[in-house]
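Chemist: predicted model, plus sequence, below.
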Amino acid sequence: MKCERLVDVGRRQFLRGGITGAVGAAAATVLAPAPAKAQTAMALVDYPANRLANVADLKVNEPLDISYPDDSSPGVLLKLGTKVEGGVGPDGDIVAFSVLCPHKGWMLSYNADDKTLNCPGHYSRFDCEAGGQQVWGHATQNLPQFELTVQDNGDILAVGVDELIYGRLSNVL
Amino acid sequence: MAFKRQIDRLPIIPADAKVHNVTCHYCIVGCGYKAYTWPINRQGGTAPEQNWAGADLSQQQETETAAWYAPSMYNAVRQDGKDVHLVIKPDPDCVVNSGLGSVRGARMAENRRSEVTGTQLQRLTEPMVWRYGTWQPTSWDDALDLVARVTARVIDKDNEDNLFVSMFDHGGSAGGYENTWGTGKLYFGAMKVKNCRIHNRPAYNSEVHSTRDMGVGELNYCYEDYRLTDTIFMVGANSLETQTNLFLNHMIPGMRGDTLDFKKQELPDEPHAAAKVVIVDPRRTVTIKACEEAAGKDNVLHLQINSGTDLALFNALFTYIADKGWVDKEFIAASTFQGEIAQPEDAAHPAALGGFEAARAACKMSVADAAAICGVPEADIVKAAEWIAMPKEGGKRRRTVFPYEKGIIWGNDNYRTIGALVNIGLATGNIGRPGGGVCRLGGHQEGYMRPSDAHVGRPAPYLDQLIIAGQGKVHHIWANDHYKTTLNATEFKRVYNRRTNMVKDAMDARAGATREELVDAIVSAIEAGGLFSVNVDVIHTQIGQQAHVILPAVESGEMNLTSMNGERRMRLVEKFMDGPGSAMPDCLIAARMANHLERVLREEGRTEYADQFKGFDWKTEEDAFMDGYYANTGQIVTYERLRAMGNNGVQEPVVGFEDGKLIGTKRLYADGKFDRHGREDKLALFCLGAWRGLQAPGKQNQKDSYRFLINNGRSNINWQNWFLDQKNEFVLDRFPVPYIQMNPEDMAELGLNPGDLVEVFNDVGATQAMVYPEPTARRNETFMLFGAPSGSQGNVINAGTNELILPNYKQTWGNIRKISDATPAAKKLSFKSWEVTL
Ligand code: SF4
Ligand code: FES
């Protein structure tokens, strides 16, 4: 099974051909207001805490389009069905990744059969069960993973990113 | 968790940053990059006028943007003694890669030595000598004095046979025209050293003798030919992984049909279609999957032959194509030898060379026989012949390009096999023509400029076996690591450790002695069977652990360096940072070594011999370039002229300089005249090489005695820059130890789980690797990484070579047993398939 929507987008290229609207348009995406500018420059970027979805919205191995830290950075939210390191939620199996390939920024598509994100650009692939490790490919970094927390009501918030997202020299623009 | 850099932003390159031309020095493709440097206390901004790209960096950039760089493309390094920011990013205007990076080249910045960020602290900074039971840092003069005094004791005018030399012959990396000339002038000019070898094999020889003997230089095409061709016939190569951007930027567009307009424009008088692909390889590689994605499965034919049977296949294709008459008769008549035998088979020629009909007779092989030998269907061989040579609509000649690499270079019967492939190229008129070429793909870039090596002889001395046999007294090593890249390595290491330890022991026993006494002690140990080892490298290598003197070299970018890529495209890499500590370019190390030898010989009163070491007064790498390349290639190419040609450079041979531009040569042999063999008539020769089974000694026996084929090679991530990647966290996180790919059913039979450590063993040695399941691997056929820092595959390769001492690394068989469960580092790895699923 594949996530058709991402496949479809992935065959094109991000921000080319006017597909920006398709990305981050998932119903569950709610953007927090941009944080106020800090008075003095900070040593780290300030990540927003954005609600991505509720635990109850997720079905095992069915990817949900999200975006983080803002709507021009598309990602995917996944309930993998098996507990993984870095996974959150009651089963420790919920993870989120950027879907911009860190090689040249093509959109990745999800392959539910082996739980990988795959790149139509130059055939790289990343393992969603191993922290986004590049299984094989041209990227010089593993896939940026969005750090998640789950609130008492089951809301899943993204609160950080562990690698530089493709196409921006600061993760928070 | 996978390794993450935890980098949330990067310094922005300011609009006024310094820009340097850089050709990636890691692999043969030679992708263009730009190095940007700027003062450590400054940065650009997100507004277009504040940054190098003139882009609004407060916005997300688009796919394939030039206005982004990954953390791996950034570092903080020393330039002219000051810390600076450094970004090295792919150049969108370079015709080689059009802005593509690879998992190797796009880490060029990160893989620099930086005291600020702590990367590559393994780089050598100062000369070291073995003293007081370990290595002590010292000055160049002290280290080179010891080298010169000991070396002078074992060489003499007209007899330098006790000096053994291992020296790289490649471009890129820390090679290049400057450095091959520096070492070449020392060992083949000032001296005539004949006991020597090259970085990746145990002798000083060509890897492609036969094609040269046939008149056909091995790099005869241009990369554009992949955009023009009808068929790519790829042999023993895995280009997606080991010539990455050549594959992505030239082969893929040809397969996808993206270049149809270009084909029509360049070659208007014939029909065109997207390129078909035939791949000859015993293993299903990721290249094959990528070809299927790009060309469609129906246009890709994988000839999955039995290991080492390429010659039978090529001879059958040649026979079939000739029988069908799908040959270029005019080309054969005008450009190839008309007669029977031009060069008989002898000790230096493992097959006779001669005319087309004589080759047909000698190479005759039926499709049925080849199918049986190679283990592939007859219909597939016929299909391959049709894709190579069946005329196109209107009787137009098909254009086929024949790239090949280590699968046959380091495979069975090298001379005849490569000759047989060139036969097909010649017969079908596919050399020197658009869309054609019979070319090796290459590993490193090239950059060879040395005085004649004719005195080495052919077959060349088998250096590593001579060392095992106790010969040689002093060993100079230039960026060679036999411990990782030789065959019969188990035995080699055992003997090398013993012989060099004898010298270490003698040195330890004379702690506090004067230089004269120390040299006497070393010479006594040498006379008793010891070996004095001098190691020039950028890092402390494995064989370097046995060295008595270690000399630190710089690599590309820490010096100005010229090389050419796989289409003979020559570029100048501009020095953009300082070398580590007092490290020097190899050419200058060679020059200083020559200076010291001259001085010592003069002191010893050996004046005439000392005079041979004159001519090494170079101060810079540019001096070495002018003395070597410039003086020996028509005095056309200078640094200044090459710099002006930028990252697109000029294709060799360079024939002129007009209107401020160097004039190069797009393809060799466009005039149908072949000269690589040096024949006056400029006619190409065919190779008369019949199939003769597994040719190298011991191979058939090993095959009959052990269960598993231990096929081996390189990979996308572990390739020409592995020496640096031993200390790169991104790479180590993916593969903490080198892998062996195995069929899952074989694993089950041996009780193996993914990540388990196994021992591979046979009659000549043993080594280890981590098991990686590969469902497409055939039963009893494994693939192991070659040249690994741990688990050297060479340990299990027997000593047998072809007649010209070309190693036969690929055909190795062994048994496998479990050593241990997966280590904690291996347990967390992804063991999923490498094949993309779209
Ligand atoms: S393909 Fe080769 S030359 Fe190009 S960036 Fe990669 S390693 Fe460097
Ligand atoms: S953009 Fe994903 S592999 Fe190149």
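Modeler: Great, that's in hand. Ligands and ions are numbered 1, 2, ... in the order given.
Chemist: when you work out contacts or count neighbours from here on, use the C-alpha atoms and nothing else.
Modeler: OK.
Chemist: ranges for the strands of chain A?
Modeler: Remark: strands assigned in chain A by DSSP state E are A:50-54, A:64-67, A:74-79, A:94-98, A:109-111, A:116-118, A:125-127, A:133-136, A:146-150, A:155-161.
Chemist: of the ones you listed, which approaches B:Glu558 most closely?
Modeler: Comparing the strands of chain A by their distance to B:Glu558 (Cα to Cα), the top pick is strand A:133-136, with 30.5 Å.
Chemist: name every strand pairing with that closest one and say which way it goes.
Modeler: Based on DSSP bridges, the pairing partners of strand A:133-136 within the sheet are strand A:125-127 (antiparallel).
Chemist: pull the distance from the partner strand to the chain's centre.
Modeler: Chain-centre distance of strand A:125-127: 13 Å, with Cα atoms, centre = their mean, to the nearest Å.
Chemist: can it be found next to ligand 2?
Modeler: No. Counting by Cα under 6 Å from any ligand atom, no contacts exist between strand A:125-127 and ligand 2, the nearest distance being 7.7 Å.
Chemist: how about residues contacting that strand?
Modeler: Contacts of strand A:125-127 from elsewhere in the structure, counted by Cα atoms under 8 Å, 6 or more residues apart in numbering or on different chains, are A:115-119, A:132-137, A:142-143, B:830, B:832, B:834, B:836.
Chemist: that strand - what's its average pLDDT?
Modeler: Averaging pLDDT along strand A:125-127 gives 98.
Chemist: contacts only, for B:Tyr177.
Modeler: Residues B:171, B:447-449, B:561-563, B:625, B:628-629 are the ones in contact with B:Tyr177 under the rule Cα under 8 Å, 6+ apart.
Chemist: which SSE is it in?
Modeler: helix B:176-184 (DSSP states H and E).
Chemist: that helix: how far from the chain's middle?
Modeler: Helix B:176-184 sits 16 Å away from the centroid of its parent chain (Cα atoms, centre = their mean).
Chemist: likewise stretch B:822-829?
Modeler: The chain centre lies 31 Å from the centre of stretch B:822-829; the measure is Cα atoms, centre = their mean.
Chemist: distance of B:Ala368 from B:Gly375?
Modeler: Counting by Cα to Cα, to the nearest Å, the gap between B:Ala368 and B:Gly375 amounts to 10 Å.
Chemist: skipping adjacent residues, who's closest to B:Pro137 in space?
Modeler: The shortest distance from B:Pro137 to any residue other than its chain neighbours is 4.3 Å, reached at B:Met128 (Cα to Cα, 6 or more residues apart in numbering or on different chains).
Chemist: list the contacts for the residue of chain A found nearest ligand 1?
Modeler: Residue of chain A nearest ligand 1, by Cα to the nearest ligand atom: A:His138 (8.8 Å). In this structure, A:His138 makes contact with A:103, A:122, A:124, B:101-104, judged by Cα under 8 Å, 6+ apart.
Chemist: low-scoring pLDDT stretches of the chain, where are they?
Modeler: Using chain A here. In the prediction, chain A carries residues with pLDDT under 70 at positions A:1-39.
Chemist: run the last query once more with 80
Modeler: For chain A, residues meeting the criterion pLDDT under 80 lie at A:1-41.
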